[in-house]
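**Q** no sequence on this one, just coordinates:
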């Protein structure tokens, strides 16, 4: 690696004194931001406070814009995932009906559990309210209902 020229260091210093961050100024000389920080300290570089404040505000604005863009992307992804969970839940619901028709207790139970989880996840991802109910868990309640349905089917069919 070649050593930075005095002109490159002059550009880095001018940028740094105008408020550029260490990594920004380091781009002029092709070194690490830490190297610029150390040289600025050693040589007593002085920042133009007004320019430094302006550049810091610009960096903060860019950071805020990047955060907002990341939040927008995540909101879109959450919406897509909520839709996919809802579609898959509809398939699980149909699997419950098919398993009940076929009198397949294990598949009925497995499909019902999958359905409950998928509905819950779709609600969470879409921002819908979910409720907390003290007492038996949703899984335990679902298993109890399925056991009761299976018992009724055995006694009637």
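**A** Looks like it arrived, so ask away. Everything quoted here is computed from the prediction, not taken from an experiment.
**Q** Give me the distance between the most centrally placed residue in the chain and residue 105.
**A** Nearest to the mean C-alpha position of the chain, by C-alpha atoms, centre = their mean, lies residue 74 at 5.7 Å. Going from residue 74 to residue 105 by C-beta to C-beta, to the nearest Å gives 40 Å. Where C-beta positions appear, they are placed from N, C-alpha and C, glycine not excepted.
**Q** can you check residue 82 too?
**A** Per C-beta to C-beta, residue 82 is found 31 Å from residue 105.
**Q** Kindly report the same for residue 84.
**A** To residue 105, residue 84 is 28 Å away according to C-beta to C-beta.
**Q** In contact with the spatially closest residue to residue 95 that is not a sequence neighbour, which residues are there?
**A** In this structure, residue 95 finds its nearest non-sequential neighbour in residue 111, 3.9 Å apart by C-beta to C-beta, 6 or more residues apart in numbering. Contacts for residue 111 (C-beta atoms under 8 Å, 6 or more residues apart in numbering) come out as 92, 93, 95, 96, 99.
**Q** ok, 6 Å please
**A** Shown here is residue 111, whose contacts under the criterion C-beta atoms under 6 Å, 6 or more residues apart in numbering are 92, 95, 96, 99.
**Q** Return the member of those residues nearest to residue 146.
**A** Residue 146 lies nearest to residue 96 out of those, by C-beta to C-beta, at 8.8 Å.
**Q** quick check: longest helix of the protein.
**A** Under DSSP state H, the helix in the chain containing the largest number of residues is helix 49-101.
**Q** Between helix 49-101 and the helix or strand that that one is followed by, find me the angle.
**A** Using DSSP states H and E, the next helix or strand after helix 49-101 towards the C-terminus is helix 105-126. With axes from the mean of the first three to the mean of the last three C-alpha atoms, to 10 degrees defining the directions, helix 105-126 sits at 160 degrees from helix 49-101.
**Q** Show residues contacting whichever helix or strand comes after helix 105-126.
**A** Next helix or strand after helix 105-126 toward the C-terminus (DSSP H and E): helix 138-156. Residues outside helix 138-156 that contact it (C-beta under 6 Å, 6+ apart): 105, 108, 109, 112, 116.
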